[in-house]
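1. After the sequence you'll find the predicted model.
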Amino acid sequence: MSAQSAYQAEETRLAEAVEDIKGQLGGIGPRYTGDDFTEQMLDLQREERRQRLEIARKEAYFGRIDFQEEGKPAPLPLYIGKAGVARAGSDELLVIDWRAPVASLFYSFSGGEAPATYDSPDGEIGGTVHLKRNLMVRQKELLRLVDSFVRGQEEDAVTDEFLLYRLGESKDNKLRDIVSTIQQEQDKIIRADKNLALFIQGVAGSGKTTVALHRLAFLLYQYAGRIRSERMIIFAPNRMFLDYISGVLPELGVGDIVQTTFADWAIELLEREVMLRSPVETLAYWFEQPHAEEEYAAASGRLKGSAAFKEALDGRLAELEASLLPAEPFEPLPGFQLTVAKMKEWHETDYGEESIMRRRERLVSRVKRWLESELKQRGVADKKLRSKAMAKLNAFSKRIPAYSAPQLYRKLLEGKSGAQLLPAPLAKATAARLKQGEAEAEDLAPLVYLHIRLHGLGRPFYDHIVIDEAQDYSPFQLEALRLCQQQPSMTVLGDLQQGIHAYAGISDWSELSGRFDEGSAGYFELDRSYRSTTEIIDFANLVLAGMGSAVKPAVPVFRSGDPVVLERVSADGWAPRLAAVVADWQREGRFQTIAVIGRTERECADIHAALESAGIEAALVHARQPAYGGGLTVVPAYLSKGLEFDAVLVADASAEAYGAADAKLLYVACTRALHRLGLLHRGEPAVLLG
Ligand SMILES: Nc1ncnc2c1ncn2[C@@H]1O[C@H](COP(=O)(O)OP(=O)(O)OP(=O)(O)O)[C@@H](O)[C@H]1O
């Protein structure tokens, strides 16, 4: 078929599909607002269908794959879209949901003679792919058609023309879905088994965040009825980042998943009994001045986040648990005796599954019920005797105090006991802060852990947990989150090469993955970077090389762009040159988002002032109020992590600003750029730049 007639045939098919979808939407009718439960349930189903049809009306599908199943006489064209839709009044699928088993062919097929296969609920299905076609559709209109594979006309393998087209687009201030161009190695992660703690090490721009969000949408589809969005949670590094990723799940038709930061979630769980000390001072300490490697290893965040600290607290909890059971029988009055064996039986058999404090509560009330029934059975009416017995009961319950997590944590860190757990000055300072009702970010994992062990989670277990930027997590944080699940089902993603919070995070994935049994953990690596042009990635790899031998350079998807420009400026000429570069870039009109990245908050304030005095308006992001609205932004490197911009200007990549230990920070800054990267430097350039 000629390209022209293929285009026309697709246009006709699209017009029919859209008419069908519109017709179905029109037939749904108004929402039910009454009290009848059955009607309410039916309305929910209709609403769910309406939402699916709305998604399909905007962009019915993005791909077509013609697949001939083994033993079938002819290939069948399968149209893949964000939401599956059956033709009106029939079972025939007008659009196949991208998450359906057969749709995986669209992502996994990479050309060649070998039969294509996919896993269906009935086992593996094989066959031949005849055509793989990308379609760009908006409403009723077909905007673009690219055949990446046509059997009989194949070149070496499926070409990436459509992907390159998508990557070349400019971006606004929100991350977007990638359903139409998910790559094979990403698809494997998205469709991986649910009951795993899946660790993903991926270079900057490899799509980790995007893939994790698509994985949630996949799991909800694949395990429909067994897992629920309200029992899923995403942890992201800060609120600015949360806002940045907030559009993806709704685009995929997924709602109700809590997206939060570990700190916000922890404070809520602790019922706001402690307030979080502002991280501004900690960030300033670690990012505004240079530090030696040994300082990181001995940092308080590393100590409190360590598995050893968790194990030490486990020891204290075990002692507390053991003390719940009295060593002596309870004898409230002469001749009344409740044996230790009986209490032990209740404690271990009846309440074995409960949290420590709940067991304490239940034991105390069971002893109380026992006493009341004994008094009744023995006909003790004497008031004096009764109140004596009650006083004994009171003493019994006071023997084991009821702790909240902050109370217990403080008690453990005070005095001699504290010095056995942490270096004495650190334990003392932490306890003093807790006394004021404050905790540092590094105390949240121990506090959450103690809270759940003492009082339980207080809500249903999570079906799935996503941890983004997990290289900044401590083993203790992971242990705290493990307590929130009945069995491990996590997607844990990050990049050790971007581990700029070395004072709190990990230096090797085994620190986290080693917390799981071998069978319940999985590991994937993503090496291809989709964000940036080849020139930018090659340049960033150079910076990366400064980190030493263990680095893994990012592999670019071949997308060429402007050369990276490194420009020396004089100290006096810096501010006007910076403003001039930004003004030039803005004038070009090619970029929706531009970032000027500084090393420190102080430098960012200078950059902002330089732009302002040149009459250029820019948003200034800082730790006290991180917010990203697109357009022109001035941001410190450590807050830019996870974000991306069409063009990035590193304001001062001089040797003075970035020492040999700052490779990760400079790498983060450079890899934020999609299409253009420029670097100014006052004086000598950073040694990392070669
Ligand atoms: N298969 C794909 N098709 C199209 N775009 C993609 C694909 N994979 C990733 N991208 C794009 O690449 C960019 C980087 O994705 P994302 O932010 O998820 O990567 P990341 O690995 O989390 O990056 P970082 O570690 O630097 O924060 C985004 O613009 C995303 O849309």
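-> Happy to help now that I have it.
2. Quick one: residues contacting the closest residue to Arg399 other than its chain neighbours.
-> Closest residue in space to Arg399, ignoring its immediate chain neighbours: Pro326 at 6.9 Å, by Cβ to Cβ, 6 or more residues apart in numbering. The way it works is simple: take the backbone N, C-alpha and C, and place the C-beta from them, glycine included. Contacts for Pro326 (Cβ atoms under 8 Å, 6 or more residues apart in numbering) come out as Val340, Met343, Phe396, Arg399.
3. Those into TSV, with extra columns for pLDDT and neighbour count?
-> Shown next, in TSV, are the contacts of Pro326 (pLDDT from 0 to 100; neighbours: other Cβ atoms under 10 Å):
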residue	pLDDT	neighbour count
Val340	90	14
Met343	88	19
Phe396	85	18
Arg399	80	11
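4. how about those in TSV, adding secondary structure and distance to the ligand?
-> Below are the contacts of Pro326 laid out as TSV (DSSP: H, G, I helix; E, B strand; the rest coil; distance: Cβ to the nearest ligand atom, whole Å):
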residue	secondary structure	distance to the ligand
Val340	helix	56
Met343	helix	53
Phe396	helix	55
Arg399	helix	52
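5. what about stretch 79-98, start to end distance?
-> Distance between the two ends of stretch 79-98: 9 Å, counting by Cα to Cα, to the nearest Å.
6. how about the nearest residue to Leu688 once chain neighbours are set aside, phi and psi?
-> Nearest residue to Leu688 in three dimensions, chain neighbours excluded: Gly546, at 3.9 Å (Cβ to Cβ, 6+ apart). Backbone torsions of Gly546, given as degrees, to the nearest 10, read phi -70, psi -10.
7. how many neighbours does Gly546 have?
-> Number of residues near Gly546 (other Cβ atoms under 10 Å) recorded here: 20.
8. Likewise for Leu252?
-> By other Cβ under 10 Å, the residues close to Leu252 number 22.
9. One more: the one 5 residues further on?
-> A count of neighbours around Ile257, defined by other Cβ under 10 Å, yields 20.
10. OK, contacts around it?
-> Ile257 is in contact with Leu216, Ser229, Glu230, Met232, Ile233, Ile234, Leu249, counting by Cβ under 8 Å, 6+ apart.
11. sorry, back to before: save the contacts of Pro326 as a markdown table, and put in distance to Glu354 too.
-> Formatted as a markdown table, these follow (distance: Cβ to Cβ, whole Å):
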| residue | distance to Glu354 |
| --- | --- |
| Val340 | 20 |
| Met343 | 15 |
| Phe396 | 19 |
| Arg399 | 19 |
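12. Taking those, tell me the two that lie furthest apart.
-> Within the contacts of Pro326, two members stand farthest from each other by Cβ to Cβ: Val340 and Arg399, at 13.5 Å.
13. Looking at the stretch 301-450 of the chain, what residue ends up closest to the ligand?
-> Ala441 (20.4 Å; Cβ to the nearest ligand atom).
14. what does the stretch 351-500 of the chain give?
-> Closest point on the stretch 351-500 of the chain to the ligand, by Cβ to the nearest ligand atom, is Asp495, at 5.0 Å.
15. hang on, that residue packs against Thr209?
-> No - using Cβ atoms under 8 Å, Asp495 is not in contact with Thr209, being 10.7 Å away.
16. So for the two, which residue has more residues nearby?
-> For Asp495 and Thr209, the more surrounded residue by other Cβ under 10 Å is Asp495, and the numbers stand at 25 against 22.
17. can you tell me how far the more buried one sits from Arg587?
-> 34 Å (Cβ to Cβ, to the nearest Å).
18. do the same with Val648
-> Note on Val648: its distance to Arg587, by Cβ to Cβ, is 17 Å.
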